[in-house]
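**Q** Please find the sequence and the predicted model below.
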Amino acid sequence: MCSPSVAQQVGKHKYAKKPTLRSRPQLNNHTYSLFTRQIRECSDWNELRVLFLKQRDQLNTINLLALVHQLTKVSDKKSLAKFEDSGRHAFITHVVDDLSQPRHADKLELRGIANVLWGLARLGHNPGATWMDHMLLRMLQQLQAAGGCEDPLSLSQAIWAVAKLGHAPPPAWLDAFFSVVMSSMPDLSPQALANVLWGMAVLQAPPRDAGFWLAYYEASMSRMHSFSPQGLSNILWALATLDVHPPSAWLRSFWQAVAHVVPSFQPLDISHVLWGCARLRLEPPQKLLKALLLDSRPKMRHFGTQEVANTLWALTTLRARPKQVWLLAVCERAKRCMTEFKPQELATLVWAMANLAEEGDGKAGLTRMAPAFFSASLPALQYFNAQDLVNTLWGISRLHWAPSELWVQALHEHAFSLLPYCEPQQLVYLMCSLADLRAVPSKTWMARLFQASLPHLRTFSTSDLSWLLMSCASLSAHPPRPWMEGLLQASQARMQEASPSVLCVMARALVRLKYSPSPAWRQAFQLRVLGVLVTTTRDEVPAQAVSASSALCPGSRDEQDWSLGIAGVSTARPSKGNAGAHKVSSSEGDAGEDGAGEAAARESIAAAGQGRHKHDRRAAASSRAGTKHAIGAPSHEAEAETMFEAGALSTPAKGAAAPKAAAKHVPRGSKAAPHSTAYDSRVTHETEVLWRALRTLGVGQGGTLPHTST
């Protein structure tokens, strides 16, 4: 307990009448010092409260500052019960009210205001916007009167506290703050430098003067090895939050300093460094990245849910490949705290795991986390936004997890309410994931999808349109005619952007839906196919594609011209050895030569039309007979279907964004092919599938599918 009251020690009788404010005697400095000593001897907030209530009218400004500082030492918020926490909150409120009184506020100097703000931030007590504005205005007046600040450390504490309390300071205060800090930058300690940047990041208040950053880099680089581990991680986190890219010389010094303190990193420091690198698209040295992963594994049991999610997201964004042992350690930690994950963290967890785990045994080892994930995410699905839902479904399908019927039902119900608010790419990934999971929605669900997406089909890319159509075919959902016409019109308007993969997927989807597009769409499709073929070399187009072109049904003069034109283009193309400087189209769809390709295609078709009468009638009859056999034979359809299911066609190449960009979606059982300037071997498979689909789809009146569009 606290020592006897000061009033008794100075000889005052305990039954004497308590003096009022007007008749309060003037106490000497020794008495105030005795108050301060009693405050520092208190070991519990209740002792401080009792002392404050007894001597409230006699405490001066210094005593109140000492009381706030002592509260930060004796308070343990985690051990307080609810009634104790409310009592402590009321006690701090009384102290704050007394400090705002003129007899105390007028005596508060810059350092005193900073200490009060720092103490309230440590206590987690927000006194309110009015009180905060009053104190910041008092600080600004003192800065303007003094023409600067002789104690820049107090300013760093002030902005840290203001940011911690979540209060937005007025612009005038920020301008004065940046001006004083920039002039005092060489005198700031490493801790003060870290606090300044952290406060700026939390407040989202970057300086307007570009010279501030030059002064900051110069001051921090000279003290880089004096920063604490937490200070280093906070600096990179703050730079990433403010989207400020530091210079390369500063980064080299920063990497060296981080490498020396990695063993002292806490889980939050590790996640901050990795998250900052990923956010700024910085590539840390490989040795440093390996050291961070190696150091994080034994500390994984201390990682919180946010640290786990941020670390996984960062590694995925950095395209890092941690070892399977590390992923299993993360898996075990996630299982133990799965119920503590927030909805966005759950989505990030499964999305990142699907990207980081390798096919085969790598993903099979993560199945032990599936039951805990589905159990924790089932009640949280209603709080998922559209992006979280898409990331979750994509990750589950890539990890080959099988959700229960109850989970799928809850998913459909929540996704049904989000359909009108989904972006084009989100709708595509949602449909692709449902098709991959074989989670067939109801007819009402699909009707809402068609209704929600119809007005926005023209904003979809050609890849999104093709995969949206293929997903409908995989789910056996036959879209209504207005929706199909809108989709085909949108794809026709952007046909020049279609890559070989997109052309293949579009043709296969139309075949599976048994839908024959309009002649105008077919003509645009044919010209795009010819444009793609012209920009490749002869050796890169398989013989099956050329022979299949002659087997297309000559239902009309234009269609026969197109068929013969392809044969002319294939013979006129240079071989690989004579390609020279000829530009090669990439498998992702380079539209750089679209104009030249289509012009050459039109010339080939015209030449074929002029020379068609030179062909022998017997050859033409043979060609028609071959066409009927090709269209009627089910083996081609089955073979094309098998190639599609086996992964010959690549799935959408765009990744879902969450806490923002994902890796490319690679088909099951395959790995992403390295970038090459030559035509990928995948194009050969895509071309084969394209021609097999065209055999079934047919052209015009000669096809096996009826013309269903108007």
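**A** Perfect, I can see it now. Numbering: from 1, shown residues only.

**Q** any idea which element the spatially closest residue to Pro403 that is not a sequence neighbour lies in?
**A** Distances taken as CB to CB, 6 or more residues apart in numbering put Phe374 closest to Pro403, at 5.7 Å, once the chain neighbours are dropped. Yep, even glycine has a C-beta here, placed from its N, CA and C like the rest. Applying DSSP states H and E as the criterion places Phe374 in helix 370-377.

**Q** hang on, the earlier thing: my understanding was that the residue nearest to Pro403 contacts Leu406; is that so?
**A** No - with contacts counted by CB atoms under 8 Å, Phe374 stays clear of Leu406, the gap being 9.0 Å.

**Q** Between the two, tell me which one has more neighbours.
**A** Shown here are Phe374 and Leu406; by other CB atoms under 10 Å, Phe374 has more neighbours (17 against 10).

**Q** residue contacts, the more buried one?
**A** 401, 403-404, 407 (CB atoms under 8 Å, 6 or more residues apart in numbering).

**Q** try 7 Å
**A** For Phe374, the contacting residues are 403-404, 407, by CB atoms under 7 Å, 6 or more residues apart in numbering.

**Q** Can you read off the pLDDT for it?
**A** Predicted confidence (pLDDT) at Phe374: the value is 95.

**Q** ok, it to Thr367 distance?
**A** Counting by CB to CB, to the nearest Å, the gap from Phe374 to Thr367 is 11 Å.

**Q** Helices along the stretch 1-150 of the chain, start to end?
**A** Ranges of helices in the stretch 1-150 of the chain, per DSSP state H, counting those that start in this stretch, are 6-9, 29-41, 45-54, 61-74, 82-99, 102-105, 110-123, 129-146.

**Q** most packed of the ones you listed?
**A** helix 110-123 (a mean of 21; mean count of other CB atoms under 10 Å).

**Q** Which elements pack onto it?
**A** On a contact count with 3 or more CB pairs under 7 Å, 6 or more residues apart in numbering; DSSP states H and E, helix 110-123 meets helix 61-74, helix 129-146, helix 152-164.

**Q** who's in contact with the spatially closest residue to Thr317 that is not a sequence neighbour?
**A** Spatial nearest neighbour of Thr317, chain neighbours left out: Ala278 (3.8 Å); criterion: CB to CB, 6+ apart. Contact partners of Ala278, counting by CB under 7 Å, 6+ apart, are 313-314, 317-318.

**Q** if we can go back for a sec, a markdown table for the helices of the stretch 1-150 of the chain, including mean pLDDT and distance to Ala215?
**A** Output for these, formatted as a markdown table (pLDDT from 0 to 100; distance: least, CB to CB, whole Å):
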| stretch | mean pLDDT | distance to Ala215 |
| --- | --- | --- |
| helix 6-9 | 43 | 49 |
| helix 29-41 | 76 | 39 |
| helix 45-54 | 85 | 42 |
| helix 61-74 | 85 | 31 |
| helix 82-99 | 79 | 34 |
| helix 102-105 | 81 | 33 |
| helix 110-123 | 87 | 21 |
| helix 129-146 | 83 | 18 |
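
**Q** residues of the helix or strand containing Leu468 that come out buried?
**A** In the assignment (DSSP H and E), Leu468 maps to helix 462-474. Buried residues in helix 462-474, defined by neighbour count with 16 or more other CB atoms under 10 Å: 462-474.

**Q** Kindly export it (C-alpha atoms) in PDB.
**A** C-alpha atoms of helix 462-474 as PDB (Å, rounded to 0.1, in the frame of the first residue of the first chain):
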ATOM      1  CA  THR A 462     -11.100 -12.400 -74.700                       C
ATOM      2  CA  SER A 463      -9.500 -14.800 -72.200                       C
ATOM      3  CA  ASP A 464     -12.200 -14.100 -69.600                       C
ATOM      4  CA  LEU A 465     -14.900 -14.600 -72.200                       C
ATOM      5  CA  SER A 466     -13.500 -17.900 -73.400                       C
ATOM      6  CA  TRP A 467     -13.100 -19.300 -69.900                       C
ATOM      7  CA  LEU A 468     -16.500 -18.100 -68.800                       C
ATOM      8  CA  LEU A 469     -18.000 -19.900 -71.700                       C
ATOM      9  CA  MET A 470     -16.000 -23.100 -71.100                       C
ATOM     10  CA  SER A 471     -17.000 -23.100 -67.400                       C
ATOM     11  CA  CYS A 472     -20.600 -23.000 -68.400                       C
ATOM     12  CA  ALA A 473     -20.000 -26.000 -70.700                       C
ATOM     13  CA  SER A 474     -18.200 -27.900 -67.900                       C
END
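
**Q** Which other helices and strands does the helix or strand following it contact?
**A** Once the chain leaves helix 462-474, the next helix or strand it forms, by DSSP H and E, is helix 481-493. Applying 3+ CB pairs under 7 Å, 6+ apart, we find helix 481-493 packed against helix 462-474, helix 519-534.

**Q** Now do the last one against helix 481-493: the angle between them, please.
**A** So that's helix 519-534. Computed by axes from the mean of the first three to the mean of the last three CA atoms, to 10 degrees, the angle separating helix 519-534 from helix 481-493 equals 40 degrees.

**Q** Report the mean confidence score over helix 519-534.
**A** The pLDDT scores in helix 519-534 average 82.

**Q** So for it, what gets flagged as buried?
**A** Going by neighbour count (16+ other CB under 10 Å), the buried part of helix 519-534 is 519, 521-534.

**Q** Which neighbouring elements make contact with it?
**A** Counting contacts by 3+ CB pairs under 7 Å, 6+ apart, helix 519-534 is packed against helix 481-493, helix 500-513, helix 557-572, helix 594-610.

**Q** okay, and for the stretch 401-550 of the chain, where does confidence drop off?
**A** For the stretch 401-550 of the chain, applying pLDDT under 70 flags the ranges 533-550.

**Q** quick revisit: same list (the helices and strands packed on helix 110-123) but as JSON lines, adding distance to Leu193.
**A** JSON lines is the format used below for those (distance: least, CB to CB, whole Å):
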{"stretch": "helix 61-74", "distance to Leu193": "23"}
{"stretch": "helix 129-146", "distance to Leu193": "19"}
{"stretch": "helix 152-164", "distance to Leu193": "8"}
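
**Q** of all those helices, which lies closest to Val440?
**A** Smallest distance to Val440 across the helices and strands packed on helix 110-123 (CB to CB): 49.7 Å, for helix 152-164.

**Q** contacting residues around that closest one?
**A** Applying CB under 7 Å, 6+ apart, the contact partners of helix 152-164 are 110-111, 114, 117-118, 120-121, 139, 149, 169, 177, 180-181, 184, 187-189, 192, 195-196, 198-199, 202-203.

**Q** Next one: Ser516 relative to Thr392, how far apart?
**A** To Thr392, Ser516 is 37 Å away according to CB to CB.

**Q** For Met139, give its distance to Ala473.
**A** To Ala473, Met139 is 66 Å away according to CB to CB.

**Q** count of residues packed around the nearest residue to Leu48 once chain neighbours are set aside?
**A** Nearest residue to Leu48, sequence neighbours excluded (CB to CB, 6+ apart): Cys42, at 4.8 Å. Residues within reach of Cys42, counting by other CB under 10 Å, total 22.

**Q** Equivalent analysis for Ser220, please.
**A** 26.

**Q** what kind of secondary structure is it in?
**A** Here Ser220 is recorded as helix under DSSP: H, G, I helix; E, B strand; the rest coil.

**Q** on that earlier part again, nearest to Phe416 among the buried residues of helix 519-534?
**A** Checking those one by one against Phe416 (CB to CB), the nearest turns out to be Trp521, at 31.2 Å.

**Q** confidence score at the residue nearest to Thr317?
**A** 96.

**Q** Only the buried residues of the strand or helix carrying it, if you could.
**A** Here Ala278, judged by DSSP H and E, is contained in helix 267-280. Within helix 267-280, the residues scored as buried using 16+ other CB under 10 Å are 267-280.
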